[in-house]
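J.: Requesting a structural model of the entry that follows:
(2 chains)
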Amino acid sequence: MRGSCYIISWLFLIFILENLVEAQLPAPRLDSIFPMGGEVGESVDITLKGADLTDEGQLFFNVPGITSEPLGKGVFKVNVAEVVSSGSYDLRFGGKDGTTSPISFTVSNREEKIAPKEATDKAKAVLLADNVVMNGMMEQGKAHYYKILVKNGGRYFIDCFAERIDSRADALLVLTDSSGIEVTRSRESIGGDPLIGFTSTSEGEYFLRVSDFLARGGAGYNYRIQLRQGPQIDFVLPLSAQPGKTQSFQIFGKNLPDGVPSGENGLERIEVNIDVPTEMERRKTMPMKPSGAGVKGFHYALGEGNNISNSVFIAQSNFPPVIDGGSNSSPEDAQEIPFPSELSGRFYPDKKSWFSFNVEKDKEYVIEIIAHRLVSYCDPSIVVEKVIGDAEGKEKVSIIGKADDQEANVGGRRYPTNSRDPIYRFKADIDCKVRVAVSDNFATKAPFRMIIREPRPDFDLLVSASAPAGDNNKGKKIVREGIAIRRGQVGNLDVYVLRRDGFDGEIELQAQGFPESFKVKTTKLEKGKNHCSLSFYNKEDAPAWVGKVKIVGEADVQGTKIQKEAESLTVNWSVNDADQERVISRTSSGITVASIEEQTPMKVVPAEDKIWESSLGGNLEIPIKFITTSEIKDKVTIVPVNFPGMGKAPQIQVDKGKTKESHKLIIPLLNNKDNNKYQEGTHQFVLRASTKLGYRRDLQVFQIAEEQKKNATKILEEAKKTLGTLKKEFESARKSLNEAKSSSAETEEEKKKKITDAESKVGPAEESFKEAEKKLKEAEEKNKSADQKLKQATDRSKPKDVQFVSYSEPVTVKIEACPIRLKDSKSPVELGKGLKSKVVVNFDRLYGFADSVSLSAKLPDGTKGVKVAEASANKDQSVIDLPIEITADANLGSIQLELIAKLKFNGIDLQTKGNVSIKITEPPAAPEEPPAAPEEPPAAPEEPPAAPEEPPAAPEEPLATN
Amino acid sequence: MRIGLYYIIILSLATTNLTAEELYIYAISKPNEAVKLIGPDANLQLIVTGKNISDMTRSVSYETDPSSIVRVSKTGHVTPLANGSVKVTAKTAEGLSAQIELTVEQFEIPQPINFSNEIVPLFTKHGCNGGGCHGKSEGQNGFKLSLLGFEPTEDFEYLVKEGRGRRLFPAAPQHSLLLRKGAGDLPHGGGARFEHDSWDYKAIVRWMEQGMPYGSPDDPKLESISAYPSSRIVAPEADQQLAVTAFYTDGSVRDVTGIVSYESNQKEMGEVNQSGLVTMLRDQTGDMAVMIRFQEQVSVFRATIPLGIPTENFPIVKNFIDEQVFNKLKTLGLPSSEICDDTTFLRRAAIDIAGRLPSLQEVEDFLSNNDPEKRSQWIDSLLSTTDYAEYFSNKWAAILRNKRKGNTYTRGTQAFHEWLMGSLHANKPYNQLITELVTARGEISHNPASAWFRNVTDQKERLQDTAQVLLGVRLQCAECHHHPYEKWSQQDYYGFSAFFSRVGKKKTDVPGEEAVFHNVGLATAKNPKSGENVKPKPLGGEPLTIKPEDDPRLDLASWMTSESNPFFAKMLVNRYWKHFFNRAIVEPEDDMRVTNPPTNPDLLDSLADHFVKSGYDMKDLIRTICNSTTYQLSAIPNNHNAGDRQNYSRYFPKRLTAEVLLDSIDGITGSSTAFSGQLAGTRAVSLPDDSYNSSSYFLTVFGRPEMDSACECERAQGASLAQTLHLLNSKNIQDKLAGAGGSADKLSSQGDRANEEKIVELYKRAFSREPKDDETKTAIGYINKKTQQAKEAGEKINEANKMAYEDLVWALLNTKEFLFNH
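T.: Predicted coordinates for the structure are as follows:
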């Protein structure tokens, strides 16, 4: 898929499957598909629900072998090739209005069916056969009822997929026996989904109720359910493996072939050797939450065919595996583990598991638990103790640290990256033993990984499409992403960085996979920052395109260049109010971008393409201009965003009728206000403009229809005209014929000839006339058709109020530290011993600065015999005489004075520095001799050698500053 | 332990020496020592017990030998006259006599008075420091005392030092403001509280004469009190004099009969005066108790008033419940009602166990079943269905306050209810269920029990609800002061509170749902009075030392669910007993304190013991109760037990709860009620939280609890005019009666069935029985009349027939037989 693109034709008027619910520019949004999967080697018709899903669009899958063809009205035939292995894949829609974020499409190697309508009737429970996947869509207030035929003593598993595959359904299963007595129920067994395992006590029928926990239903509340008797893996130990090695694993579960009792109620165990692949992949049956970014591994299942087990994910590890021995519930029994290593174990409710390893003085160590990121439900915490043996062999124990949650969340409520996994870093102050107690605050038996290692500064990147703009209910509305970048529009991808082990350096971000029609600049994620927008500009003549892009970040980590490809993120479903509903997001198979052939309806850009400058304390003044194709219906609010150091962003509002006038965005660079922390340097930011537009959808389609109507009208008029002409000719020919027939003044022969002549003209005239009539009719039909098309296009392109947000391309600014620039001197100022003199310092006033400036000088350490007094320039002056006295004990030679100019600019204290060289010479031979100026001697011997207007030493550049 | 031993010894003396033919004198003393009166102000109450263990204290005459040592009043009250030993003889008119030897010592030495032990109780006895007088927080007319004297140091301050000492006048104690107002010499809002020549008045004078001492820190402190006798069968209109012993930390005992406070818990059955004389009233059978309060200690005397009817022929005893209940009835001489008939039992058990009426099929199957075990089978059948679990989850959800306080609570309340339901259906042992509840950790989605920590939002609510719901101890009072009716101090309160002091909460990805976890740290709760950080302390136990990393709730659960816990099992069986009998053995069911004794202690103990031995098996408890003859007694009273409210001599009819009634009406009318967010067909008893009350007027008007408190009393089971009107003429009921596809619609359209057959069906569905002949006749007559009227009026016969059935169903559902479980 990488680098592939798809040219989308959009010159057809389309039918929208769903009404627009977001008051913003059209961008496709895929809310659900049904059914949510298909069988290997078979085809399945799936129905898409969402917004702006056009009929001519296509489906894209992140695996070769799954293809689709549109059947209209949101239905697509999906063909799953035999080569596709079972699992969940990402499905995206791309159409003329853009592309959507992905949704899971699950492939199974079992027969697939759709729950019939009568499944809601308890009396007509539908058979859920062994090894059949039933796809159901829940109805509000109703349940689906299935019957299951079981054999006495048979061990069965009923696995329901919903939340794991992007369904909104919070599925609840209730199993009853043939007499209607409830056997068991399940809701949150695995990945938020239910799983029932039961052993039948008699042969006959069991009944299963499937419903949403809160009795909700409709599109999006879909599920896949299957009954099977194969093995069920609960977990494996170790939980991770080193790539490319053959490793032994203990598998714990039920119905395991040759399984032996594990010692835990109902749980069996077997040991297997697994060839660990060298290429690891991301988890696909239960996608990672954003906090789990960077975790890779492989999927493993026992058995094959219909007897295959569920799939488990075994993570990649860089360290040799160690397994929790289990007899370590007290500090004294702590299990010794090597360093570095990765341990796999399980929590014991209300007990701690103790481990120990040796540390060396002055070395740093990291203890990291990965559990919440593996199974979602647990809350690990660790306590780290230092154990020192005294002279008598007794242990002296002290707690050196505790760790619980990683609370840093760089992705906000949309893509939360915080987790409950603890990580603890410490530096050993002595050679000793360290003990670690691992426990779960939630008292689960969840498996966990514990990695002990040296710190390894690193980072992982995440990328997502920007949240849809518009009315977002004060940040509470979380809408699934869709990307549609119009011509001339700037699109953004949000990039987040998960910094590891203290890495806080700069990361250079590059976007790859964009066609040439996009301008994408390399962006730098600044030191210490965790989030930025990566902008890309769609050229004014860009063709339509849909394709996958990737974001690669490169950073210098401790002298080594590290490159990371960003994992993409998506929101599983839209919510109207995140204060009321939970937001679930996950990593996905990549990020897809689409450009469409429509001019952006509005953008606000700087009036010139240049670097805008000012200094701290001054104002950045940036004239702006509007480029619009739609009617602006409200004030336009313009705000600078991502401006480094900006606390509270200034904004300007432009009335809708004044967008053609000149406007200026003024950014006061005042660090004494609004938490601003501006720094000198060259920076970039973007202009965000938001307003309400009268957006005309498919304006180009309307324009074409209008043109076609004009042509049709023209053809019709011409046809009418031609017909009129030919009609006259025909009538004239007939008249001539009649006249010829009634002629009496000529001979019969002549008359006959006239008639023959006349008749010979009538025929063709009539034929032409009839042909013209036919053409007129055709023209009328075409005109009528053009009318209809125009009407449709007109209706469709009627202005509709939308909230619109545009971003400019990055605007470059340069911030100086000070609004004056001290001028350089090209040669040193020569001063004689025993003289009082002055150095004339010139400077440029910049950015409108007019106030006074004070100047002082700092002498090099050890300088003797030189005294420099402070001086200042009054308002509007640009030169300062710096008094200087060279006493007799001064050393001969050159010294460098550091000049320090201080000023106050709009209440901000600023300073700038410069240098001036002075050369100390012997005193002048005779007092009457002028000291330096060869052409203009001083007027009087007591006067200092340099005139106020002219420098004494340097004939061209008397002032020495930097 | 020493005090307890004395108590046992004294009681054993009292019981082993008593037979029906003897006269016995009881007086308070230390074990194995002579009865002593020390000091000139000592006093002693004699208790003379005679034939049939009846109190003869006031009916005997007393003689002393020598006569100069003590004076014995007609009421058996002894006061010293001089040092020495004396024999006191009590004689009956019939010539029976009994003797006791007393010794008076230190008659010439007035004993030092301890303010806390001797003066403060007088204020309590005379009501001075009650919550309605000087004991309220702001005091009364500028004079404040601590509530019921629980803070004697403060009282001392108020009396002696406050108001520049104006309340006391040591130079002439009788002229003290305190005594002049208390004796009514000066205007006093509370009137005269004691006489000038009373012992209490003189005691205060003596205290002032001694210089108003507070007492020495080494003075003995009160440890407990006990009443003699602790229980008695007392005939109607008979008396029983009480003697009250105080046990002190130095091992001394003292007769405090005259200075303690008494209060009857059933004033319609018996009264008690300030001297400890209990007088039974006429025509009341059953149990009453007298609460005795002295300083911070309480005790109780329990009296049983028999009816005295010969009770030889009780129904068959099926299990220990019947043994204990019938034993009590025999003691009372109160005959029980007969065993109810099959139809009554069928309906009663279905409502009590599953919260529903039996279906038509179940009625017919049961009535045609001749198996002698069919009642047990029916109970088992009901317990095996989720109907039982749903019904009892509804009960538990209310007292565990599964309230939907906002939209974000929806998932949590539903999950909590599901957890309850699943646990009850799986018959999770009660000790395990409660352990899971109070130690819940994690997210609501995965561990729904943790929702309880959202339902009860703070530490205070958690401890109070735990104590009340699970232990039957109402600790609320002890938050601010010593419990007035219990032994619980503020130290006990905050010690119990400390168990919940380390409950932490974390955010989850579900709005409104926080995860519960143990916030590592030392568990303590600050006693605001003393400023002490109190360690976790079980009620009645010693403070625990719990490591900071250990969750104290685990220790709490361990203590609560241990077999020796005096509260846990009793609370549950008492609650469930009330569920089935409409009257708890201790009433209210969640206020189990010494001063609120059970009506049948042996029954309560047996039930609790059985429950513990069964492995806290709740279904077994229900099975045991419902299989008892006691449960299966008829609700129809005999000639003697109509007024019985305590002894379960018959089944007490009870109104159907709002939910059961709504489901039953839906059932009889063939309609359904839709509940938002619930699957179609969800019963009202299956609703998870309170939110449906606001959307269902029916549930509100019939008293479904709002789940605001931990008390089952929140459910309003009384009748109201609004209920009656709703059933009679509301649109809601009318729609159910007249709805398409409803019972009336279906029955009226079944032209091939005889009306008689349809009426039988309706009666079976409504009452689980067939109609009587006159009932059938009346119903048929009404249907025919309506049909005939329609014919005559030229109206549609079918519609008239349907309306007739609507009327018939309407009439049935408005009968008491339908509205009650009986």
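J.: pLDDT (mean, whole number) over stretch A:393-405?
T.: Averaging pLDDT along stretch A:393-405 gives 92.
J.: Export only the CA atoms of it, formatted as PDB.
T.: Output in PDB follows, covering the C-alpha atoms of stretch A:393-405 (Å, rounded to 0.1, in the frame of the first residue of the first chain):
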ATOM      1  CA  GLY A 393      25.200 -10.400  57.600                       C
ATOM      2  CA  LYS A 394      21.900  -8.800  58.500                       C
ATOM      3  CA  GLU A 395      20.000  -7.100  55.700                       C
ATOM      4  CA  LYS A 396      19.300  -3.400  56.000                       C
ATOM      5  CA  VAL A 397      16.400  -2.500  53.800                       C
ATOM      6  CA  SER A 398      15.200   0.900  52.700                       C
ATOM      7  CA  ILE A 399      12.600   1.900  50.200                       C
ATOM      8  CA  ILE A 400      14.200   3.900  47.400                       C
ATOM      9  CA  GLY A 401      11.200   4.500  45.300                       C
ATOM     10  CA  LYS A 402       7.600   3.700  44.300                       C
ATOM     11  CA  ALA A 403       5.900   4.000  41.000                       C
ATOM     12  CA  ASP A 404       2.400   3.800  39.900                       C
ATOM     13  CA  ASP A 405       0.700   5.400  36.900                       C
END
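J.: Near chain A, which residues of chain B? Just list them.
T.: B:384-386, B:407-408, B:410-411, B:414-415, B:418, B:422, B:425, B:441-443, B:445-447, B:506, B:509-512, B:515, B:517-518, B:520, B:549, B:551, B:554, B:674, B:677-680 (C-beta under 8 Å from any C-beta of the partner chain). C-beta coordinates here come from the backbone N, C-alpha and C atoms, glycine included.
J.: Could you tell me which of the residues you listed belong to helices?
T.: Within the residues of chain B next to chain A, residues falling in helices by DSSP state H are B:384, B:386, B:410-411, B:414-415, B:418, B:422, B:425, B:554.
J.: now those as TSV including neighbour count and pLDDT?
T.: TSV is the format used below for these (neighbours: other C-beta atoms under 10 Å in any protein chain shown; pLDDT from 0 to 100):
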residue	neighbour count	pLDDT
B:S384	17	96
B:T386	20	94
B:T410	18	95
B:R411	22	94
B:Q414	26	96
B:A415	27	96
B:E418	18	96
B:G422	20	95
B:H425	24	97
B:L554	17	97
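J.: Can you tell me how far the residue lying closest to B:F567 once chain neighbours are set aside is from A:K782?
T.: Excluding the flanking residues, the one nearest B:F567 by C-beta to C-beta, 6 or more residues apart in numbering or on different chains is B:L471, at 3.8 Å. For B:L471, the distance to A:K782 equals 90 Å [C-beta to C-beta, to the nearest Å].
J.: So these two - more neighbours on which side?
T.: B:L471 (22 against 18; other C-beta atoms under 10 Å in any protein chain shown).
J.: quick one, phi psi at the more buried one?
T.: phi -120, psi -10 (degrees, to the nearest 10).
J.: Repeat that for A:K660.
T.: Dihedral angles (degrees, to the nearest 10) for A:K660: phi -90, psi -10.
J.: follow-up on the earlier one: surely the residue nearest to B:F567 meets B:L556?
T.: No. Shown here, B:L471 and B:L556 do not form a contact pair, counting by C-beta atoms under 8 Å, at 10.5 Å.
J.: Need the per-residue pLDDT for the nearest residue to B:F517 once chain neighbours are set aside.
T.: Nearest in space to B:F517, with sequence neighbours left out and distances taken as C-beta to C-beta, 6+ apart, is A:N441 at 3.9 Å. Per-residue confidence (pLDDT) for A:N441: 95.
J.: Kindly provide the distance from A:N441 to B:R502.
T.: For A:N441, the distance to B:R502 equals 11 Å [C-beta to C-beta].
J.: What of B:F123?
T.: Relative to B:R502, and taking C-beta to C-beta, B:F123 is found at 40 Å.
J.: Those two: which is more packed in?
T.: A count of neighbours by other C-beta under 10 Å puts B:F123 above the other of B:F123 and B:R502, at 27 against 23.
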